[in-house]
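Q: Requesting a structural model of the entry that follows:
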Amino acid sequence: MSRPTLSCVLVAAVAFGAPSTLSPAKGARIDATADALLAAVYEEIVRGHLDAALQNIEGLIRVRPNFRLAHLIKGDLLLARGRPINTIGAAPNVPEAHMEGLRAEAFTRLRAYRERPPTDRVPRYLLQLREDQKYAVVVDTRRSRLYLYQNEGGKPRFVADYYVSSGKNGPLKVREGDEKTPIGVYHVTESLPREKLSDFYGSGAFPINYPNEWDRIQGRKGHGIWLHGTPSNTYSRPPRSSNGCVVLANSDLDVLARNLQIGVTPVVISEDVEWLSTEDWASERTSFGKQLEQWRADWESLDTERYLTHYSKNFSAPNQDLDSWSRHKRLVNGAKSWIKVKMSNLSMFRDPGKDGLVLVTFDQEYRSNNLSNTVTKRQYWLHEDGRWRIVYEGTV
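A: Numbering: from 1, shown residues only. Predicted coordinates:
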């Protein structure tokens, strides 16, 4: 008599396709996370060790009693003792609507656990971190994954990753109430503790600055996009189940929160993270840095027309377009005998939502024969007509 099996999607999921091109990063945090424990259960299923798998899933439930997916898999394992089952959530009389989200979570978690960030690649978007930006957050909405990177001398180093849920209607938020998650470069703006929130937001929330300057230029609307936790009776939610926020398990949010700096930590949200080799990443950073330095040098030169070639015909600044900006710069520079411009605390982030858009922030120390000041400046550079040009500039 043949043994009962889970001839099911779980087995297919564990052995899906060719070997992964990604592998765990050296020095990465690999501990008893829900994903790791689930992976151990799946491996036991593949080996046909259903009793061992059942023991492991029961251990996970003891640690995370509100983890609905773990309860579902336990039910499948018990059913498999009596008959083969062909899908996740094979228990009879369970509403299909309830199963769909749990099945999606099962596959998403397992695939992401096996496809860890590559050891020799970094997200394309983190071109340069400021010295005071100790960590950066990168969200991949397709993989339902949040990656945490540490700043090591301006170079990002992978630290950890977490399962997340995002907008019900997918990525690229454009209007209020569309239940989509924004795509772009943002920053954490606030920390809202549990006691100031309803239970729906779990152990806390971290708002981000959506809509940012570029979103507003593009006419995108809405507000209230947060990183937040889950209700006390829910360990995790299906991959696409939020109103647009990025949602983590409370235990994961609590760990992540230790590394978030209010007003400092960048949060890059992408539909599908693009990875670069460290060599290509360094080349892109150097190439763009030269463009930025040329802008600074041309400003110092007092050659106003050459300086203005760095600005897009679609340029905007608060209450100004390119024509008014150009008139102002010609008038100001005409009264100068010398200018010195120094940039420090520079950060550069490539926007994941549009090819050839880079967000630059720096402290600008400006000195001239009749004026000196220091401001924090923010620019968006757009690659158009074969070169980089500034499409937005303003102070922070």
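Q: in terms of contact, does Tyr162 touch Asn250 like I think?
A: No. Checked against C-beta atoms under 8 Å, the pair Tyr162 and Asn250 is beyond contact range at 11.4 Å. No exception for glycine: its C-beta is placed from N, CA and C like everyone else's.
Q: More neighbours: these two, which one.
A: Neighbours per residue (other C-beta atoms under 10 Å) separate Tyr162 from Asn250, with Tyr162 holding more: 24 against 21.
Q: which other helices and strands contact the helix or strand harbouring that one?
A: Using DSSP states H and E, Tyr162 sits in strand 155-167. Strand 155-167 sits against helix 96-114, strand 121-123, strand 135-140, strand 145-152, strand 240-242, strand 246-248, helix 250-257, with contacts defined as 3 or more C-beta pairs under 8 Å, 6 or more residues apart in numbering; DSSP states H and E.
Q: Next up, the contacts around Glu102.
A: If you look again at residue 102, you'll see it is Leu, not Glu. Neighbouring residues of Leu102 by C-beta atoms under 8 Å, 6 or more residues apart in numbering: Arg68, Leu69, Leu72, Ile88, Gly89, Pro238.
Q: Need the contact partners of the helix or strand where the third one lies.
A: Read that as Leu72. Using DSSP H and E, Leu72 sits within helix 68-80. With contacts defined as C-beta under 8 Å, 6+ apart, helix 68-80 is touched by 4-6, 8, 10, 34, 38, 41, 45, 50, 53-54, 57-58, 60-61, 64, 85, 88-91, 99, 102, 105-106, 109, 234-236.
Q: Tell me which residues of that helix come out buried.
A: Arg68, Leu69, Ala70, His71, Leu72, Ile73, Lys74, Gly75, Asp76, Leu77, Leu79, Ala80 (16 or more other C-beta atoms under 10 Å).
Q: Quickly name whichever of those residues is closest to Arg367.
A: Minimum distance to Arg367 across the buried residues of helix 68-80 is 59.9 Å, recorded for Leu69 (C-beta to C-beta).
Q: and the closest one, how far is that from Glu195?
A: 29 Å (C-beta to C-beta, to the nearest Å).
Q: Also Asp76?
A: To Glu195, Asp76 is 39 Å away according to C-beta to C-beta.
Q: got it, and Asn370?
A: With C-beta to C-beta as the criterion, Asn370 and Glu195 are 53 Å apart.
Q: higher neighbour count, these two?
A: Set Asn370 next to Glu195 and count neighbours by other C-beta under 10 Å: Asn370 wins out with 9 against 6.
Q: helix or strand for that one, which one?
A: Counting by DSSP H and E, Asn370 is part of no helix or strand.
Q: if you skip the residues just before and after it, what's nearest to it?
A: Ala335 (6.8 Å; C-beta to C-beta, 6 or more residues apart in numbering).
Q: tally of neighbours for that neighbour?
A: 10.
Q: What's the mean pLDDT across stretch 287-299?
A: Here stretch 287-299 scores 97 as its mean pLDDT.
Q: What residues sit buried inside that stretch?
A: Phe288, Gln291, Leu292, Trp295, Arg296, Asp298, Trp299.
Q: Identify those among those that sit within helices.
A: Using DSSP state H, the members of the buried residues of stretch 287-299 that fall within helices are Phe288, Gln291, Leu292, Trp295, Arg296, Asp298, Trp299.
Q: Any chance of a markdown table for the contacts of Leu102, columns distance to Gly263 and pLDDT?
A: Formatted as a markdown table, those follow (distance: C-beta to C-beta, whole Å; pLDDT from 0 to 100):
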| residue | distance to Gly263 | pLDDT |
| --- | --- | --- |
| Arg68 | 36 | 93 |
| Leu69 | 35 | 93 |
| Leu72 | 41 | 91 |
| Ile88 | 42 | 76 |
| Gly89 | 43 | 77 |
| Pro238 | 32 | 96 |
